[in-house]
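Student: Sequence first, then the predicted structure, then my questions.
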Amino acid sequence: MSLSYFIGIDIGTQGARVIMMDESGHQLAAKENIFELTISSRQEQDPEMWWRCCYQLLGNLCKEVTSLINLSHVKAIGVTSTSGTIIPVNKNYKPVHPAIMYSDNRSSDEADYCRQAAIRSGTQGYTAFNASSGLPKMLWFIKNYPQKIDRIGRFIHAADFITGTLSGNFDTTDYTNTLKSGYDLHQMKWPDYITSELNIRKEWLQEVMPSGAPIGHLRSEWAKPLGLHENVIVTAGITDGCASQVASGAVNVGDWNTTIGTTLVVKGVSRNEIKDPAGAIYCHRHPEGYWMPGGASNTGADWVSTMFADSDLTELANAARTIIPGKNFAWPLLQHGERFPFVAPSAKGFFPEGINKDEKFVACMEGVAYIERYAFERIRKISGENISQIFSAGGGSNSDIWMKIRSAVLNLPVCKMQNVSGAAGAAITAASKTYFEDIIEAGTNMIHAEKIIDPDFSLLAPYEERYRQFIQLLKDKDYINE
């Protein structure tokens, strides 16, 4: 019996990755490349550059596996990319402006306006817009480039540019990408205020489908050179955070995931929407109609490469094993302001002085673990959700000592799956509605545990006390008030 194969594509801020997996979740090959970025790349990037890089990687991927499998058994391709990145394209689907990146904060004033307009409208949809959201970027663009307004055919998202180039269908997007573009995931429609108050034309907005739903087939101009069949299905995309959640194994109701990459992202699956009055927690729509609540912190693992770039991480990890629990407090927030698990625009990170490098490394790992615990405590308080284990993804999950610290601070098992990349999540999502019945069945068959870290009993009491002291520090600085 021949296996079926699925390709996942991840277009990140700093590079692209493609992966091929079979129906059992076995990875056949993966390719990645780093973008040549400029100082302004956190504001704008060239989506055509994304595609050139992506197509080259697909060619290298297919060439590597052609001696191993029959490429005619590749069934579907899925794409993930950054949430909140917006591209205005013309009626021929060519960019009329570079991609406006999620990390571009020039639309902060427009975010305030969108938030107030959404609240006034009484929409049941997303209202907690900020500068990283897609809808404010659309508004910012038409305000700052009025001469380009008549050239706009659509506003699309980063993943849509790749799925559209692959299939020719740029008119369809997915639940996860549209959340921060203002789509109402209750009514399943674009709210009227977007057009009436923001002057964003209805024809600029895409049709919306669940992630993983088929939206077209691979165009022959790409299929033939790659050695693929034209019946390969291209599926609706998924945001990077949701793709990592899928890859981590958190696809069933009650599952929760933490992805620690540049930022710390917490996501789960719940039957009911979780509503956070502070706006720090928001809910994506699960491909099967459930909810995917979570939030993205400005705290993450970026401090590792920034503060310990010249250090041997293996040596630091070995030293950490002899130090934990640490005696110092650090909050390795490198950006200005925090957005999850609490909203504090004036927040600044803090670091201990007069300690050695090993102790500082431990303090930073512990600080992120404390933020993660506070996130889950807020989720429990708001929703009543029971959290029994954490699925872990992102670069932070590659550190065994960090996993041990997090498990002890959380007092929960932390599970790392075999392949937790966003590209793997995109491949699993692509399989979910083209080969399997749904994302849950795809997860059962394609996601497998690599290791489970249980709490170290000897660390529970000291970390409980240290956590309480850390939270009091945040209260003393007026970053949190509960």
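Tutor: Now that the structure is in, tell me what you want to look at.

Student: How far off centre is stretch 434-453?
Tutor: Computed by C-alpha atoms, centre = their mean, to the nearest Å, the chain-centroid distance of stretch 434-453 equals 18 Å.

Student: what do you get for stretch 216-236?
Tutor: 26 Å.

Student: in that stretch, what's buried?
Tutor: Using 16 or more other C-beta atoms under 10 Å as the test for burial, stretch 216-236 gives 216-219, 222-223, 226, 228-229, 232-236. Every C-beta, even on glycine, is put in place using the N, C-alpha and C of the backbone.

Student: now stretch 410-422
Tutor: Those buried within stretch 410-422 under the rule 16+ other C-beta under 10 Å are 410, 412, 414-422.

Student: Could you list which of the buried residues of stretch 216-236 belong to helices?
Tutor: Per DSSP state H, helices hold the following members of these: 222-223, 226.

Student: possible to save those as a markdown table with pLDDT and distance to Ser67?
Tutor: A markdown table is the format used below for these (pLDDT from 0 to 100; distance: C-beta to C-beta, whole Å):
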| residue | pLDDT | distance to Ser67 |
| --- | --- | --- |
| Trp222 | 97 | 21 |
| Ala223 | 97 | 19 |
| Leu226 | 97 | 15 |
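
Student: what's the closest of these to Ile390?
Tutor: Checking these against Ile390 with C-beta to C-beta, the nearest one is Leu226 at 38.0 Å.

Student: Pick out the lowest-pLDDT one from the buried residues of stretch 410-422.
Tutor: On pLDDT alone, Val420 ranks lowest of the buried residues of stretch 410-422, at 83.

Student: give the contact list for it.
Tutor: Listed by C-beta atoms under 8 Å, 6 or more residues apart in numbering, the contact partners of Val420 are 244, 247-248, 259, 392-394, 397.

Student: Assign a three-state SS to it, would you?
Tutor: Per DSSP: H, G, I helix; E, B strand; the rest coil, the secondary structure class of Val420 is coil.

Student: Quickly list what the closest residue to it other than its chain neighbours is bridged to.
Tutor: Ranked by C-beta to C-beta, 6 or more residues apart in numbering and with sequence neighbours excluded, the top spatial neighbour of Val420 is Ala393, at 3.7 Å. Taking DSSP bridges, one obtains Thr259 as the residues bridged to Ala393.

Student: Next one: Ala393 from Ala243, what distance?
Tutor: Distance, Ala393 to Ala243, using C-beta to C-beta, to the nearest Å: 9 Å.

Student: Look up the pLDDT of Ala426 for me, please.
Tutor: 98.

Student: Could you measure from it over to Ile390?
Tutor: On the measure of C-beta to C-beta, Ala426 and Ile390 end up 22 Å apart.

Student: Same question for Ile324.
Tutor: Distance check for Ile324 against Ile390: by C-beta to C-beta, it reads 18 Å.

Student: before we move on, what about Phe340?
Tutor: 16 Å.

Student: do Thr176 as well
Tutor: 21 Å.

Student: Now stretch 380-400: buried residues?
Tutor: With burial defined by 16+ other C-beta under 10 Å, the residues of stretch 380-400 counted as buried are 382-383, 385, 387, 389-397, 399.

Student: swap in stretch 151-158?
Tutor: Buried residues in stretch 151-158 (16+ other C-beta under 10 Å): 152-158.

Student: Endpoint to endpoint, it covers what distance?
Tutor: 19 Å (C-alpha to C-alpha, to the nearest Å).

Student: now swap in stretch 244-260 and tell me
Tutor: Using C-alpha to C-alpha, the two ends of stretch 244-260 sit 10 Å apart.

Student: Number the chain from 59, please
Tutor: Okay, using 59 as the starting number, the last item reads as stretch 302-318.

Student: Quick one: distance of it to the chain centre.
Tutor: 11 Å.

Student: For that stretch, the averaged confidence score.
Tutor: Here the average pLDDT along stretch 302-318 is 90.

Student: Buried ones in that stretch, by neighbour count?
Tutor: 302-309, 313-318.

Student: Show me where the stretch 59-208 of the chain dips below the pLDDT cut-off.
Tutor: 59 (pLDDT under 70).

Student: now the helices for the stretch 259-408 of the chain?
Tutor: 278-284, 298-306, 360-365, 371-379 (DSSP state H, counting those that start in this stretch).

Student: cool, the stretch 109-258 of the chain as well?
Tutor: Using DSSP H, counting those that start in this stretch, the helices of the stretch 109-258 of the chain run over 166-179, 192-202, 216-225, 233-236, 251-254.

Student: So which of the buried residues of stretch 468-480 is the closest to Ala519?
Tutor: Out of the buried residues of stretch 468-480, the member with the shortest distance to Ala519 (by C-beta to C-beta) is Leu468, at 14.2 Å.

Student: I'd say the residue nearest to Val478 and Trp314 touch.
Tutor: No: counting by C-beta atoms under 8 Å, Trp314 is not a contact partner of Ala451; they are 11.5 Å apart.

Student: So this structure: which segments form each domain?
Tutor: With domains defined by automatic domain parsing, the chain comprises 63-294, 299-534.

Student: Ok, which of the ones you listed comes nearest Glu540?
Tutor: Between Glu540 and the domains of the chain, the shortest gap by C-beta to C-beta is with domain 299-534, which sits at 8.4 Å.

Student: Quick check: end-to-end length of the closest one?
Tutor: 31 Å.

Student: so how far is it off the chain centroid?
Tutor: In terms of C-alpha atoms, centre = their mean, the centre of domain 299-534 is set 12 Å apart from its chain centre.

Student: next helix or strand past the stretch of helix or strand Val467 belongs to?
Tutor: Here Val467, judged by DSSP states H and E, is contained in helix 458-468. Scanning forward in sequence from helix 458-468 by DSSP H and E, the next helix or strand is strand 472-475.

Student: Tell me who's in contact with the residue most central in space within the chain.
Tutor: Centroid-nearest residue in the chain: Gly299, 1.7 Å away (criterion: C-alpha atoms, centre = their mean). Applying C-beta under 8 Å, 6+ apart, we find Gly299 in contact with 141, 317, 323, 325, 352, 354.
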